[in-house]
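A.B. asks: need coordinates for the following:
(chains A and B)
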Amino acid sequence: MNDDGSFAPVVAGSALGAGTPASTTPKNLPHRGGTPNQSADALRQQFGTAVRRVDVVWGETTVVIDPARVHDVIRWLHDDPSQRYDYLSDVTAVEFRDLEQPIEVVWHLRSLPFRRFIRVKSLIERGAALEAPSVWDIYKGADWLERECYDMFGIRFVGHPDLRRLLMWEQYNEGFPLRKDFPLRGRFSRSEQLRQALAANPEARYSKEELSIADAFEDLPADMRRRLTAGERTGE
Amino acid sequence: MATTKRTVEVELSTTGLDAQGRPQRVPLAVDEGGNVLTMEAPPGIEPDLSGEHMLINMGPQHPATHGVLRLVLELDGETVVRCIPHIGYLHCGFEKIGEYRQYNQIIPWTDREDYLNSPGNNVAFALGAERLFGIEITERCKVLRVIACELSRMISHLVWLGTTCIDIGAFTPFLWAFQQREEVYEMLEMWIGARLTTSLTRVGGMGADIPDGFTEKLSAFIRGFPKVIDEIDRVITRNGIWVGRTVGLGVMSPEEAVNYGLSGPMVRASGVAYDVRKDFPYLDYETYDFDVPVGTNGDVYDRFLVRMEELRQSTRILEQAIKRLPDGPVNVDDHRVILPPKSKATSDMESMIHHFKQVMEGPRPDAGECYVAVESPKGEKGYYMVSDGSSKPVRWRIRPPSFVNLSAIPRMVEGHLLSDVIAINASIDIVMGEIDR
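C.D. replies: The predicted model follows:
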């Protein structure tokens, strides 16, 4: 609702004028080598060699960006008036079965005003630190998506304000489940997994931060405070 | 509001205990002699409770959190100051399991993530896999999938409507909504044999064509359905309690809603007309005549109105789909993915080879990747699939709409009352199976 009481919805595709796009079906998509998204050329002009590669697979444009510049690139895609990628669909990572191949961190961006879709990738070479820049400062929606990616792959998103495990509990110490070296049944034996699951009682756990909310933390006995500060969790 | 054992323990370890170890209650008001006043306290002598914050643990077994969601709330009086959500209680590792399954074997898993939208998930997954294989499905299959998607949108919105009514205190619409949902489930049972976990699609087609009498039943259903919606509309849309408990809660501005990545009715209630069916269409949705309802204020009430209107629009789409349903085959004629008929598999050499290759090795797409998004009842549901040319995906990623929608809950509830958390949480339409996967 505007201040004067009038109302105008924000319409996706507003920058394009009238008309609705046609369905994308495999019939009109080549496997490789279709027309890339216009943004790919603009990125090449703007960032030059930081754009390592542009692929078009099944009609979707993928730009592979130098890991050091990927935050700048996404920031530019979000801010530039000719791009306006205002919607973050997804943040995830891919590890290949061929363990020589680098791990890919993938951002799926949408420009609602221009109805565009682009996939931004940055490759983490084997042996390099598992780190990627956080885009939380650009898209608030990246918060949980990055936490999940950290939880599942162990990729640290530098700049994320609260990078904790999300789906697995905080004490989980088997590793990162979606990595290819993680067996489907987990690392620990069945009995050990069962023992840990029964001992977990996650409902009764509060983080130190949460206890401090209720001013309860300062009131705890000194030795308990010390143990909590050292990283131990309460509730057992 | 259930206080858990732990909350009590915190209380015990904090304030004064009596000789038996029971927490001493601080009296609300005392007179000059220290005697507890049971009457309303005279002005001026109430203890100053401002700044005393309380920790409340809501869930994971709270009935109004719609599943195993746990919210840790910091309360100042009854006002929520901070909200810290905890999820993952239902984590099953669907994405990991998908890396060990062939494409058709993943379809039953898609039933179980957003279990109110199983046919829609099946369709979304099949669309993604077909793009990897480069398969163009038949015209009849496209229309059948539209019918499946819209029926599942109705199921999901009806369940949302019923449970939200219960949360906010209206019981009757719940029964009306679930009665209609039952009729949809009966149709799905007629079609595929299952109600909840449908596994309706296959890569390249459908598990079954619609049976005789299905379109008649569907036509009868969509004739009666708008009347029920109108009835629910009459009962709650202008109901004072309903309006009072929903208007002005959890407001998201259009810019915020887009920045938080909200989708579906959540973003449309904020006045952003973003619908995947219109903006990035699939299954020829651009050829159907339907409207995308948008809200003006982005509060809980607008989300309710948007979903009500979407139910009516789904009816319109179904009407058109029945009219245009063409004859012809449902499955593509592509023996990479569709099994030859059983009779031919035992008599025809070629068919036997196809049968053997598919069953023993599984269909193999070319190496590649795709991200296919559909408009699920909750929002933009995306499947990102990466293939290395083998029969199992290297990575199968679900972009769960209610996961991203739920991540904005701290922003939405902070500053509201504890009882409003129920309404705001209900308005997000969460399904924990999809959030935790």
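
A.B. asks: neighbours around residue B:256, how many?
C.D. replies: 17 (other C-beta atoms under 10 Å in any protein chain shown). Yep, even glycine has a C-beta here, placed from its N, CA and C like the rest.

A.B. asks: what's the following helix or strand after the helix or strand that contains it?
C.D. replies: Under the criterion of DSSP states H and E, residue B:256 resides in helix B:254-259. Counting by DSSP H and E, the element after helix B:254-259 in chain order, helix or strand, is helix B:265-269.

A.B. asks: by contact count, what packs against that next one?
C.D. replies: helix B:254-259, helix B:300-324, strand B:379-387 (3 or more C-beta pairs under 8 Å, 6 or more residues apart in numbering or on different chains; DSSP states H and E).

A.B. asks: the last one and chain A in contact?
C.D. replies: This means strand B:379-387. Yes. Applying C-beta under 8 Å from any C-beta of the partner chain, one finds strand B:379-387 touching chain A at B:380, B:382, B:384, B:386.

A.B. asks: what helix or strand does the nearest residue to the third one once chain neighbours are set aside sit in?
C.D. replies: In space, and not counting its chain neighbours, residue B:384 is closest to residue B:397: 3.9 Å by C-beta to C-beta, 6 or more residues apart in numbering or on different chains. With secondary structure defined by DSSP H and E, residue B:397 is part of strand B:395-399.

A.B. asks: buried ones in that strand?
C.D. replies: Across strand B:395-399, burial judged by 16 or more other C-beta atoms under 10 Å in any protein chain shown covers B:395, B:396, B:397, B:398, B:399.

A.B. asks: show residues contacting that strand.
C.D. replies: Residues from elsewhere that reach strand B:395-399 (C-beta atoms under 8 Å, 6 or more residues apart in numbering or on different chains): A:89-90, A:92, A:94-95, A:108, B:94-95, B:98-99, B:106, B:113, B:371, B:373, B:380-386, B:434, B:437.

A.B. asks: the same query, at a cut-off of 6 Å, please.
C.D. replies: A:90, A:92, A:94, B:95, B:98, B:382, B:384, B:385, B:386, B:437 (C-beta atoms under 6 Å, 6 or more residues apart in numbering or on different chains).

A.B. asks: does the last one touch residue B:112 like I think?
C.D. replies: The reference is to residue B:437. No. With contact defined as C-beta atoms under 6 Å, residue B:437 does not reach residue B:112; the gap is 9.1 Å.

A.B. asks: the more surrounded of those two?
C.D. replies: Taking neighbours as other C-beta under 10 Å, residue B:437 and residue B:112 compare with residue B:437 leading, 25 against 17.

A.B. asks: and that one, what does it touch?
C.D. replies: Residue B:437 neighbours (C-beta under 6 Å, 6+ apart): B:94, B:113, B:398.

A.B. asks: with residue B:311 instead?
C.D. replies: Contacts of residue B:311 (C-beta under 6 Å, 6+ apart): B:157, B:229.

A.B. asks: next one: it from chain A, what distance?
C.D. replies: 20 Å (C-beta to the nearest C-beta, to the nearest Å).

A.B. asks: residues of stretch A:35-54 that come out buried?
C.D. replies: Quick answer for stretch A:35-54 (16+ other C-beta under 10 Å): A:36, A:37, A:39, A:40, A:43, A:46, A:47, A:50, A:51, A:54.

A.B. asks: closest to residue A:157 out of those?
C.D. replies: residue A:50 (19.4 Å; C-beta to C-beta).

A.B. asks: before we move on, the earlier item: return the set of buried residues in the helix holding residue B:256.
C.D. replies: So for helix B:254-259, counting by 16+ other C-beta under 10 Å, buried means B:254, B:256, B:257, B:258, B:259.

A.B. asks: what's the angle between the strand holding residue B:397 and strand B:379-387?
C.D. replies: 170 degrees (axes from the mean of the first three to the mean of the last three C-alpha atoms, to 10 degrees).

A.B. asks: pull up the pairing partners for strand B:395-399, direction included.
C.D. replies: strand B:379-387 (antiparallel) (DSSP bridges).

A.B. asks: ends of stretch B:208-222, how far apart?
C.D. replies: Using C-alpha to C-alpha, to the nearest Å, one end of stretch B:208-222 lies 22 Å from the other.

A.B. asks: low-confidence ranges in chain A?
C.D. replies: A:1-6, A:17-20, A:26, A:201-221, A:224-225, A:227-236 (pLDDT under 70).

A.B. asks: how confident was the prediction at the residue of chain B found nearest chain A?
C.D. replies: Nearest to chain A in chain B, going by C-beta to the nearest C-beta, is residue B:261, at a distance of 2.6 Å. Note for residue B:261: predicted pLDDT of 90.

A.B. asks: my guess is it contacts residue B:404. True?
C.D. replies: Yes. If you go by C-beta under 6 Å, residue B:261 and residue B:404 touch, sitting 4.6 Å apart.

A.B. asks: which residues are in contact with each of those two?
C.D. replies: With C-beta under 6 Å, 6+ apart as the test, residue B:261 and residue B:404 both reach residue A:141.

A.B. asks: more crowded one of the two?
C.D. replies: Per other C-beta under 10 Å, whichever of residue B:261 and residue B:404 has more neighbours is residue B:261, with 31 against 27.

A.B. asks: where do the helices sit along chain A?
C.D. replies: A:38-47, A:70-79, A:142-153, A:190-200, A:208-213, A:216-219, A:222-229 (DSSP state H).

A.B. asks: got it, and the stretch 51-200 of chain B?
C.D. replies: B:94-98, B:103-113, B:118-133, B:139-168, B:172-192 (DSSP state H, counting those that start in this stretch).

A.B. asks: in JSON lines, list these along with distance to residue A:155 and mean pLDDT.
C.D. replies: Shown next, in JSON lines, are the helices of the stretch 51-200 of chain B (distance: least, C-beta to C-beta, whole Å; pLDDT from 0 to 100):
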{"stretch": "helix B:94-98", "distance to residue A:155": "15", "mean pLDDT": "91"}
{"stretch": "helix B:103-113", "distance to residue A:155": "23", "mean pLDDT": "91"}
{"stretch": "helix B:118-133", "distance to residue A:155": "24", "mean pLDDT": "92"}
{"stretch": "helix B:139-168", "distance to residue A:155": "33", "mean pLDDT": "92"}
{"stretch": "helix B:172-192", "distance to residue A:155": "39", "mean pLDDT": "92"}
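
A.B. asks: that older thread, any chance of the residues of strand B:379-387 next to chain A in CSV, plus neighbour count and pLDDT?
C.D. replies: Shown next, in CSV, are the residues of strand B:379-387 next to chain A (neighbours: other C-beta atoms under 10 Å in any protein chain shown; pLDDT from 0 to 100):
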residue, neighbour count, pLDDT
B:380, 27, 91
B:382, 23, 92
B:384, 24, 93
B:386, 23, 93
